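Asks: Structure for the following, please:
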Amino acid sequence: MRKTIADLTRGVYDHDAHANLADRGFRRYHPFSFDFDSTPLSLAEAEEHWDEPVKQNHRENRAQAIKRLEQQYGSAQIDSVIKNVTELGPKSMSLLAYHNQFHEQARRSFVAGLYYPALVAACALGERILNHLVLDLRDSFKSSEHYRKVYRKDSFDNWTFAVAVLTDWKVLVDGVGAEFLRLGELRNRSIHFDPDTYHSLREDALAALQRLNAIIAKQFGYFGLQPWFIDHTPGAQFVKRAYEAVPFVRAYVIPRSGFIGPLYGMDLSQGGWHHLDYADYGDGDLSDEEFATRYRERDPEKVVSRAMIEKAQLGAKPEGGV
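Replies: Numbering: from 1, shown residues only. Next up is the predicted model:
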């Protein structure tokens, strides 16, 4: 019997059953669960060389952004709030995971002028991310020489050791290990007593948050040239077939993805965005490059939509099936 997405209880999200799909050669994992904040970009002043309609639109967006900040932080220190948000910069797009909520809390502390809580929170979250990576992934590396040193431990506070382990396991994206170590230096200086902290509190808090943001953007991001994503798929990211079994991807990316073909669509309904797709793409096996080409060159008329599905449910099944 031919097994398709339509036979699965959770369809494109029934991850444990996807290996047996008849058309899996046409499908790739598409993550669509993310967190970001671009407010700082809205606060910049309009550039003189912009056309007047563009300037006006930007001024209106800036005024709305400032109004939201006043509602959230109050108007008494709004100039300081704007300065902090602007210097902090955008919160990079990231997969939804355990770090998002704490990252937001640390950023809000900085914006509100609570620099020491922001500094401590950023350092603590960096250590939490390191711990999660080691503890969540260690059972995938039982043959590693490091496994006997980590399999019984519940936490790790030696950042150099944790980074070395994750580097040897090839978990960390290029540059992330160095960012962790730089954040670790700030953590050691800030958490352990150092009177100089009083004189560089805001500077250290900003540096810690920016390093933390860089770690999250590179390791958990979407558009940072992560090695597990297929190249040349503008506007979307798809997991390379060879990376589907990689421990980090299997633990963090795939559970937040839909298993879709190149003609998939997206539908915004109660609870957020959801994937829409054909039930069966037929026999065959696309390479990653072929998948990217089909995605880029797909016919908009054949992209699955809610209207197409409703039409199929009324008995007028569209070409290809839904």
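
Asks: For the rest of this, base every contact and every neighbour count on C-alpha atoms.
Replies: OK.

Asks: Buried residues, the worst-scoring helix or strand of the chain on mean pLDDT. List them.
Replies: When each helix and strand of the chain is scored by mean pLDDT, DSSP states H and E, strand 34-37 comes last, with a mean of 81. Within strand 34-37, the residues that count as buried by 16 or more other CA atoms under 10 Å are 34-36.

Asks: Kindly report the same for stretch 283-296.
Replies: Residues of stretch 283-296 classed as buried: 286, 288, 291-292, 294-295 (neighbour count, 16+ other CA under 10 Å).

Asks: Repeat that for stretch 113-133.
Replies: 114-131, 133.

Asks: Same check on stretch 4-23?
Replies: For stretch 4-23, a neighbour-count test (16+ other CA under 10 Å) marks 4-5, 11-13, 15, 17-18, 21-23 as buried.

Asks: Using TSV, please lay out the residues you listed together with secondary structure and pLDDT.
Replies: Below are these laid out as TSV (DSSP: H, G, I helix; E, B strand; the rest coil; pLDDT from 0 to 100):
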residue	secondary structure	pLDDT
4	coil	95
5	helix	94
11	helix	95
12	helix	96
13	helix	96
15	helix	95
17	helix	95
18	helix	97
21	coil	97
22	coil	96
23	coil	97
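
Asks: coming back round to it: show me the buried residues of stretch 113-133 that map onto helices.
Replies: 115-131, 133 (DSSP state H).

Asks: Tell me which stretches of the stretch 51-200 of the chain form strands.
Replies: Using DSSP state E, counting those that start in this stretch, the strands found in the stretch 51-200 of the chain span residues 91-95.

Asks: Listing request: residues of it with sub-threshold pLDDT.
Replies: Within the stretch 51-200 of the chain, the set of residues satisfying pLDDT under 70 comprises 193-194.

Asks: swap the cut-off to 50 and go again
Replies: Applying pLDDT under 50 to the stretch 51-200 of the chain flags no residue at all.

Asks: Now find how far off-centre stretch 294-307 is within its chain.
Replies: Remark: stretch 294-307 is offset 25 Å from the chain centroid, using CA atoms, centre = their mean, to the nearest Å.

Asks: Tell me where the stretch 51-200 of the chain has helices.
Replies: Ranges of helices in the stretch 51-200 of the chain, per DSSP state H, counting those that start in this stretch, are 52-73, 78-88, 99-111, 115-137, 147-150, 159-168, 176-191.

Asks: Would you convert those helices into TSV that also reports distance to residue 220?
Replies: Formatted as TSV, the helices of the stretch 51-200 of the chain follow (distance: least, CA to CA, whole Å):
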stretch	distance to residue 220
helix 52-73	27
helix 78-88	19
helix 99-111	10
helix 115-137	11
helix 147-150	23
helix 159-168	15
helix 176-191	11
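
Asks: most neighbours per residue, which of the ones you listed?
Replies: helix 115-137 (a mean of 21; mean count of other CA atoms under 10 Å).

Asks: what residues does it touch?
Replies: Outside helix 115-137, the residues that touch it by CA atoms under 8 Å, 6 or more residues apart in numbering are 99, 102-103, 106-110, 150-151, 154-157, 159, 162-163, 165-166, 180, 183-184, 186-187, 190-191, 201-202, 204-206, 208-209, 212, 247-248, 251.

Asks: what do you get if the cut-off is 6 Å, keeping everything else the same?
Replies: 106, 109-110, 187, 202, 205, 208-209 (CA atoms under 6 Å, 6 or more residues apart in numbering).

Asks: rewinding a little: show me what the least confident helix or strand of the chain is packed up against.
Replies: Applying 3 or more CA pairs under 6 Å, 6 or more residues apart in numbering; DSSP states H and E, one finds that strand 34-37 makes contact with strand 91-95.

Asks: residue ranges with poor pLDDT in the stretch 201-322 of the chain?
Replies: For the stretch 201-322 of the chain, applying pLDDT under 50 flags the ranges 317-320.

Asks: so where do the strands sit in it?
Replies: Under DSSP E, counting those that start in this stretch, the stretch 201-322 of the chain gives strands at 257-260, 265-269, 272-276.

Asks: JSON lines please, covering those strands and showing mean neighbour count and distance to residue 300.
Replies: JSON lines is the format used below for those (neighbours: other CA atoms under 10 Å; distance: least, CA to CA, whole Å):
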{"stretch": "strand 257-260", "mean neighbour count": "24", "distance to residue 300": "16"}
{"stretch": "strand 265-269", "mean neighbour count": "13", "distance to residue 300": "10"}
{"stretch": "strand 272-276", "mean neighbour count": "16", "distance to residue 300": "14"}
